[in-house]
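Asks: Next input, structure requested:
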Amino acid sequence: MDIKPNFEKAAYLNNLGVIEAKNNNLTKAISSFRKALTFYPNYEKSLYNLGSLEIRVGKYNRAIKHFRQLIHLNNQDPVSYYKLAYSFFRKGNVHQAEMNYQKALQINPDYEPALVDLGSLYMLTEFYPQAIKQLEKALQINPNNTYAIGFVLYISQIIVDFSRVDKWTAVLNRLTAQALKTGEGTLETPFPSIARKSDPEENFKVAKYWSKTIKDSLADLKTNFSFEDRKKVKRKINIGYLSYDFRNHPTSHLIFSLFRLHNRERFNIFTYSSGPDDKSVWRKYIEKNSDVFRDIKKKSDFEMAKLIYKDKVDILVDLMGYIKNSKIAILALGPSPVQVSWLGFPGTTGADFMDYIIADKIVLPEKDIPFYSEKPLYLPCYQMYSTTGKTPKNKIKKSDFGLPEKSIVFTSFNQTYKIEKDLFSIWMEILKAIPGSILWQLETNSLAKENLKKEAKKKGINPSRIIFAARIPREEHLERLTLADLGLDTFTYNGHTTTSDCLWAGVPVITLKGNHFASRVSASLLSTVGLPELITQSKDDYKSLAIKLASQPKELKKLKNKLAKNRLTSSLFNAEKFIKNLEKLYEKIWNDYLKI
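Replies: Okay, the predicted model is just below:
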């Protein structure tokens, strides 16, 4: 006899919650759904609505509880399994996420969101064939899913499957051009855009679309952040650094000394880590040398933003942009009065919530400023390079790493997604021109290794002339780099840390100066270290210069001697000088803010 009135009250509160959610009153909506469940604990509509809202606000444990309850009531709904899987995935529980995505697909094998997300999970866990299988099935269902196409294309680049790269590049180019022209459809995400196209105008349009999408998705989160009190008291400036990669990662390798060398009379340093604690020396060093180090990986974006605001961070520096595991949504919530993009993402965020980007006039020439949402903050070179104070010494032999002692060793330790078909063809032509020479590359995955060897054979090069190097600790890696004779840069997405590592190890690097930030980084680094003669303007010049230097040992030796001398005095390897220049920028933009 009590069921009907309880149901009626629950239905009323559920409908009220739906209205409140539509009006962006999420707190009230959540409260209404919870009250509905006190009257009817197994009311499926309220369980679903509450769980979905809990996902939106990052309360994944609660969402897991409610979707499990929903599945107990109805175990034939693929959407419940999908949302349960998504909650586990956001918590970092890959096993449970995979299992529940698969359950959703057992019920409905054509459920597109589960196919895409399961493919993404396999991509992130480096099960690339499984990832491609799920994503290409999703694309059979919806051929215009640019999100899935972007993932397939990126995986194809990682495993160096040139035929697949060509196929999906053509599709993505067509859909992107169509969406930009008509304003309809979903654009590819910003990272694939800069990684495959050196077109500042198109890169900007793509980034602008996604920054607005992210910001709009958070519009219902009421932050009410006010910064008026920041202007009332003169004090040290609070700088916050946000990254997933305070660990054994190139970002930390570049900037670890930043945290120790900041001037503590003028700045307080807050560090926000959204990634795992890998217990590495890099993590421990950064943690030790921050005034406040916060591990925020278990917090939702909303909770992270509120914490940053509570810490009174004046200038928040995002080190991620749109790269993997980025937290740009935190910046979209606006927890700091001044927000800056630096280092991790070599391009514009396209976001109206980002105030500045740290750059130099090579990576971001003045002619490209119209294609940036941020104001540029110019340094002599945008990249910082932390050193241990000791230059690598060549105490090892080529044969220690499987390299022929008397061969010319070309090296490119870049990630495989940067290796384009025309670039690899040029590399093979260089090997043909220099008998017995070797291409020394980083081994990232077995499929890439196999595909590169196949491509070499197609070009008439013995696959044994490509030698792959395993990952080893950083200091050992810098030591082995000294064995290389000449570095060969990648085109559309240059080596960044890879190039500066070579230069620090005394290895000259040849680059082709491109048309956007990502393809001009090596040109910036080479200019800063005093080797502009290694910057080429065409693919033919790139190839010719590599062949010339490799075939003229005296010229190459002169170049190496020049680099050995320059690296000891270059500002590229002077962290203290870099930080002083950086701090001047911080003080300027903070003083500019105070004048508003």
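Asks: First-to-last residue distance for stretch 290-310?
Replies: One end of stretch 290-310 to the other measures 17 Å (Cα to Cα, to the nearest Å).
Asks: meant to ask about stretch 333-341
Replies: First-to-last residue span, stretch 333-341, Cα to Cα: 15 Å.
Asks: what's in contact with that stretch?
Replies: If you take Cβ atoms under 8 Å, 6 or more residues apart in numbering as the criterion, stretch 333-341 is touched by 218, 221, 223, 225, 227, 230, 240, 301-302, 304-306, 308-309, 313-318, 321, 331, 348-349, 353-358, 374, 377, 589-590, 593. (Each C-beta comes from the backbone N, C-alpha and C, glycine too.)
Asks: ok, now stretch 121-132?
Replies: 89, 94, 97-98, 101, 119-120, 134-135, 151-152, 154-156, 158-159, 164, 324, 445, 447.
Asks: Just the residues you listed: which are in helices?
Replies: Those of these mapping onto helices are 89, 94, 97-98, 101, 119-120, 134-135, 151-152, 154-156, 158, 164, 447, per DSSP state H.
Asks: ok, L364 touching G347?
Replies: No. Using Cβ atoms under 8 Å, L364 is not in contact with G347; the gap is 9.2 Å.
Asks: Separate out the buried members of the ones in helices among the contacts of stretch 121-132.
Replies: Buried members of the ones in helices among the contacts of stretch 121-132, counted by 16 or more other Cβ atoms under 10 Å: 89, 97-98, 101, 119-120, 134-135, 151-152, 154-156, 158, 164, 447.
Asks: Give me the secondary structure label for the closest residue to K543 other than its chain neighbours.
Replies: Residue nearest to K543 in three dimensions, not counting chain neighbours: I426, with 5.0 Å by Cβ to Cβ, 6 or more residues apart in numbering. What DSSP: H, G, I helix; E, B strand; the rest coil gives for I426 is helix.
Asks: if we can go back for a sec, looking at the buried ones among the ones in helices among the contacts of stretch 121-132, which is nearest A518?
Replies: For these, the residue nearest A518 by Cβ to Cβ is Y154; the value is 14.6 Å.
Asks: What separation do you get for G183 and Y209?
Replies: According to Cβ to Cβ, to the nearest Å, G183 and Y209 sit 10 Å apart.
Asks: And those two? Which one has more around it.
Replies: Y209 (20 against 7; other Cβ atoms under 10 Å).
Asks: In contact with A329, which residues?
Replies: Contact analysis of A329 by Cβ under 8 Å, 6+ apart lists 214, 217-218, 301.
Asks: can we see that at 6 Å?
Replies: Applying Cβ atoms under 6 Å, 6 or more residues apart in numbering to A329 gives the contacts 214, 301.
Asks: so it is in which element?
Replies: Taking DSSP states H and E as the definition, one finds A329 inside helix 328-332.
Asks: any idea which helix or strand comes after that helix?
Replies: Downstream of helix 328-332 (by DSSP H and E), the next one is strand 338-341.
Asks: follow-up on the earlier one: can you point out the buried residues in the helix holding A329?
Replies: For helix 328-332, the neighbour count (16+ other Cβ under 10 Å) marks 328-332 as buried.
Asks: In terms of distance to K418, which of these ranks first?
Replies: Nearest member of those to K418, counting by Cβ to Cβ, is I328, at 22.3 Å.
Asks: how much space between the closest one and D360?
Replies: I328 is 23 Å from D360, by Cβ to Cβ.
Asks: residues making contact with stretch 494-514?
Replies: Among residues not part of stretch 494-514, those counted as contacts by Cβ under 6 Å, 6+ apart are 198, 250, 254, 385, 392, 413-414, 478, 481-482, 484, 486-487, 489, 491, 519-523, 525, 529, 534-536, 542, 545-546, 559, 563-564.
Asks: In helices, which of the residues you listed appear?
Replies: Per DSSP H, the subset of those in helices is 250, 254, 478, 481, 521-523, 525, 542, 545-546, 559, 563-564.
Asks: What count of nearby residues applies to N173?
Replies: Using other Cβ under 10 Å, N173 is surrounded by 13 other residues.
Asks: next structured bit after the helix or strand harbouring it?
Replies: Using DSSP H and E, N173 falls within helix 162-182. Counting by DSSP H and E, the next helix or strand C-terminal to helix 162-182 is helix 190-196.
Asks: For that following helix, which outside residues touch it?
Replies: Residues from elsewhere that reach helix 190-196, judged by Cβ under 6 Å, 6+ apart: 150, 154, 203, 206-207, 210, 322-323, 347, 493, 518.
Asks: and the contacts of stretch 494-514, which are buried?
Replies: Among the contacts of stretch 494-514, the ones that count as buried by 16+ other Cβ under 10 Å are 198, 250, 254, 385, 392, 413-414, 478, 481-482, 484, 486-487, 489, 491, 519-523, 525, 529, 534-536, 542, 545-546, 559, 563.
Asks: From G514, how far off is the nearest residue to N581 once chain neighbours are set aside?
Replies: Computed as Cβ to Cβ, 6+ apart, the closest residue to N581 that is not its neighbour in sequence is L379, at 5.4 Å. Applying Cβ to Cβ, the value for L379 to G514 is 20 Å.
Asks: Looking at the two, which one has more neighbours?
Replies: Ranked by neighbour count (other Cβ under 10 Å), L379 and G514 place L379 first, with 21 against 18.
Asks: how about low-confidence regions in the stretch 451-596 of the chain?
Replies: Scanning the stretch 451-596 of the chain for pLDDT under 70 picks out no residues.
Asks: Quick one: mean pLDDT over the strand or helix carrying R294.
Replies: In this assignment (DSSP H and E), R294 forms part of strand 292-295. Regarding strand 292-295, the rounded mean pLDDT is 98.
Asks: Next, the buried residues of the helix or strand just after that strand.
Replies: On the C-terminal side of strand 292-295, the closest following helix or strand by DSSP H and E is helix 301-310. Within helix 301-310, the residues that qualify as buried are 301-302, 304-309, counting by 16+ other Cβ under 10 Å.
Asks: Among those, find me the one that's closest to A575.
Replies: A575 has its nearest neighbour among the buried residues of helix 301-310 in I308, at 25.7 Å by Cβ to Cβ.
Asks: could you measure the closest one against P553, distance?
Replies: Taking Cβ to Cβ, one finds I308 at 55 Å from P553.
Asks: For the helix or strand harbouring F270, C-alpha coordinates in PDB please.
Replies: F270 is part of strand 267-273, with elements assigned from DSSP H and E. The C-alpha coordinates for strand 267-273 follow below in PDB (Å, rounded to 0.1, in the frame of the first residue of the first chain):
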ATOM      1  CA  PHE A 267      57.800  33.600  -5.400                       C
ATOM      2  CA  ASN A 268      56.000  30.700  -3.700                       C
ATOM      3  CA  ILE A 269      56.000  27.600  -5.800                       C
ATOM      4  CA  PHE A 270      52.900  25.300  -5.800                       C
ATOM      5  CA  THR A 271      53.100  22.000  -7.800                       C
ATOM      6  CA  TYR A 272      50.000  20.100  -8.700                       C
ATOM      7  CA  SER A 273      50.500  16.500  -9.900                       C
END
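Asks: Next, the angle helix 301-310 makes with it.
Replies: Here strand 267-273 runs at an angle of 170 degrees relative to helix 301-310 (axes from the mean of the first three to the mean of the last three Cα atoms, to 10 degrees).
Asks: by contact count, what packs against strand 267-273?
Replies: Here strand 267-273 touches strand 237-243, strand 292-295, going by 3 or more Cβ pairs under 6 Å, 6 or more residues apart in numbering; DSSP states H and E.
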